[in-house]
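Chemist: Using only what follows, build the 3D model:
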Amino acid sequence: MYTVADVAQALGAQFMGDGTILVSGVAQPGLAGDTDIALAMDPDYAALIPQGQARVAMLWPGADWASYGVQAALVAPRPRYAMSTLSAMMDRGQGYDAGIHPSAIIDPTARLGDNITIGPLAVIGRDVVIGGNSVIGPQCYIGTGSRLGQNAYLREGVRIGADVRIGDRFIAQPGATVGADGFSFVTAEVSAVEIARDSLGKEDISDRGQPWSRIHSLAGVIIGDDVELGASCCVDRGTVKPTQIGNGVKTDNLSQIGHNVVVGDDCLICAQVGIAGSSVLGRNVVLGGQTGVSDNITIGDNVITGGATKVLSNIPSGRIMLGYPAMKMDSHIETYKALRRLPRLMQTVSQLQKTVLNLSNKD
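Modeler: This is a model prediction of the structure:
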């Protein structure tokens, strides 16, 4: 448990009232117990505080904290940012037992740092290196020759293939996979897919069926520091050069990063994003949910795409994109407005045609 004063110091926040009150969690205002901090960063939420039992609330700057019946309040200049530190303080974790579970299988050549937790049925392969203070959850797998830095945290069922290099403070949510083979296949002759792409669908492909031959993925994956992968996120191996994920990258659930892709530092990749092979993302790129990036595309720094955007060509730095195909967001919105006006426009054109026809018949 923490005192209100301790929490305020950790958050760089101001507190009012009794700084000695002990807190151990956070909650919605109406559901908060007497050791919870009620999260009420705007007046609508604050109005619900009397429905709970909270003695402490996190409020917005300038709030009349005493009027809500609490004994202490925390105020941060940017409350949502303060939630990052606050939630870390209150996180009780998944309850994994410390130490190495007897059912874990660890190759004798593996090198484990100090203070390692390895859960039930985990498998650690040959020549694996795991940095100190790392947690490897139940049923995880780490393949031959892979390396994890300090303070790694792998949730249940994470799979890391061979020859993967991961930096410090790596987090992988349940079912994430790093180092699966890339989706790379080729035909003996020019395939129907290549013809369709080059001709933009104009050529006949009805007799172009051929079997597919596999191109093996010979390279691994390199991941920087402070990276987090969402549940069931997949990062494929490179073909002859490693797939690369920069420092500070965060991916959401069910995202796919293809073979040979390069992702720059501090990118945010939301749920169900798919990035096809050999594409390159700059720094601080944000890909909204269900964004699709075609292969061999380059996206510049500080680009943002809205949800379900389909990127079919290169995007220069600093653009905000939306739509299929991706275009500047303001242009897409104007195009969509025009599209919605089409039925009325067609009705107007039809009426004009009738008027002109009637006038012609009179002549």
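
Chemist: ok, now which ones touch Ala88?
Modeler: Neighbour list for Ala88: empty [criterion: Cβ atoms under 8 Å, 6 or more residues apart in numbering]. Placement of C-beta: from N, CA and C, glycine included.

Chemist: I'd like the distance between it and Ala82.
Modeler: Counting by Cβ to Cβ, to the nearest Å, the separation of Ala88 from Ala82 is 11 Å.

Chemist: pLDDT weak spots in this protein?
Modeler: Residues of the chain that meet the criterion pLDDT under 70 lie in 363.

Chemist: What residue spans form the domains of it?
Modeler: Taking automatic domain parsing as the domain assignment, the ranges for the chain are 2-90, 328-362.

Chemist: Pipe the ones you listed into TSV and attach distance to Gly143 per row.
Modeler: Formatted as TSV, the domains of the chain follow (distance: least, Cβ to Cβ, whole Å):
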stretch	distance to Gly143
domain 2-90	30
domain 328-362	41
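
Chemist: out of those domains, deepest packed?
Modeler: domain 2-90 (a mean of 18; mean count of other Cβ atoms under 10 Å).

Chemist: Distance from the biggest helix by length in the chain to the middle of the chain?
Modeler: Ranked by residue count and defined by DSSP state H, the top helix of the chain is helix 329-362. Taking Cα atoms, centre = their mean, to the nearest Å, one finds the center of helix 329-362 at 43 Å from the center of the full chain.

Chemist: now do stretch 306-322
Modeler: Distance of stretch 306-322 from the chain centroid (Cα atoms, centre = their mean) equals 17 Å.

Chemist: what's the span of it, first residue to last?
Modeler: Start and end residues of stretch 306-322 are separated by 5 Å (Cα to Cα, to the nearest Å).

Chemist: Other residues contacting it?
Modeler: Counting by Cβ under 8 Å, 6+ apart, 270, 282, 287-294, 297-305, 323-330, 332-333 sit against stretch 306-322.

Chemist: try 6 Å
Modeler: 288-294, 297-305, 324-326, 329, 332 (Cβ atoms under 6 Å, 6 or more residues apart in numbering).

Chemist: are any of those buried, and which?
Modeler: In terms of neighbour count (16 or more other Cβ atoms under 10 Å), the buried residues within the contacts of stretch 306-322 are 288-294, 297-301, 303-305, 326, 329, 332.

Chemist: Tell me which residues touch Val303, please.
Modeler: The neighbours of Val303, taking Cβ under 6 Å, 6+ apart as the test, are Val285, Ile315, Arg319.

Chemist: So in terms of bridging, what pairs with Ala72?
Modeler: Here Ala72 sits in beta bridges with Gly17, Val56, as judged by DSSP bridges.

Chemist: Name the helix or strand for the residue lying closest to Ile195 once chain neighbours are set aside, please.
Modeler: Closest residue to Ile195 in three dimensions, ignoring its sequence neighbours and counting by Cβ to Cβ, 6 or more residues apart in numbering: Glu203, at 5.0 Å. Using DSSP states H and E, Glu203 sits within no helix or strand.

Chemist: same deal with Ala82?
Modeler: helix 79-90.

Chemist: Can you classify Pro50 by secondary structure?
Modeler: Here Pro50 takes the helix state, with states given by DSSP: H, G, I helix; E, B strand; the rest coil.

Chemist: now Val26
Modeler: Here Val26 takes the strand state, with states given by three-state DSSP.

Chemist: Spit out the contact partners of it.
Modeler: Val26 neighbours (Cβ under 6 Å, 6+ apart): Ile37, Leu39, Met90.
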